[in-house]
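J.: Here is my input, please return the structure:
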Amino acid sequence: MITIAEVMSKDVKKTTVGASIAEAAERMRDNRVGSLLVEKDRQLVGIVTDTDVVRKAVAERKDLAKTTVASVMTHLHNIDSTQLLLDAHDMMRYSGVRHLAVREDGNVVGILSVGDLAAYFAWLSEGEVPPPWEPRY
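T.: Got it, this is the predicted structure:
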């Protein structure tokens with residue numbers, strides 16, 4: 001069985017609670033990711049996703065240059081790197097999230113997105129995407 005560690009993205013992108021929504025959105029765009037882990041005093045305190053930006057800032061017509069990540073970020077859901085992809089699928093489905101922080105020994109070592117799962121399952125069923133799987137956002 002394939003574990004999360006085999007499919008996750010190891011290049012985790014971060015931002016701070018004080019960063020503006022505009023800065024976070026630019027960072028997501030530039031790094032071609034759909035989420036950023038959010039830090040405060042070097043501790044992970046949440047996640048900001050492209051969905052958070054759209055629903056909680058853009059749709060509310062907030063000033064993206066002045067509104068901070070802290071005001072739109074959400075709770076960070078975690079999963080152990082040794083768990084199976086089906087466990088991640090179930091956690092995302094029942095929690096209503098599209099990104100999971102992947103942990104080993106309590107430390108975040110990667111991130112798994114619904115796009116990573118989709119790419120893996122497409123490869124598995126149709127051979128469309130060769131390993132290593134590239135996140136699709």
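J.: element containing Ile47?
T.: For Ile47, the element it lies in under DSSP states H and E is strand 43-49.
J.: other SSEs contacting that strand?
T.: Counting contacts by 3 or more CB pairs under 8 Å, 6 or more residues apart in numbering; DSSP states H and E, strand 43-49 packs against strand 35-40, strand 99-104. Any C-beta I mention is one placed from the backbone N, CA and C, and that applies to glycine too.
J.: For the nearest residue to Lys40 once chain neighbours are set aside, which residues are in contact?
T.: In space, not counting the residues next to it along the chain, Lys40 is nearest to Val17; the distance is 4.6 Å by CB to CB, 6 or more residues apart in numbering. Counting by CB atoms under 8 Å, 6 or more residues apart in numbering, Val17 touches Val38, Glu39, Lys40, Val45, Gly46, Thr68, Val69, Ala70, Met73.
J.: Repeat the analysis, applying 6 Å as the threshold.
T.: Residues in contact with Val17 (CB atoms under 6 Å, 6 or more residues apart in numbering) are Val38, Lys40, Val69, Ala70.
J.: Now do it against Arg55, distance only.
T.: Distance of Val17 to Arg55, computed by CB to CB, to the nearest Å: 19 Å.
J.: again with His99
T.: Counting by CB to CB - His99 and Arg55 are separated by 15 Å.
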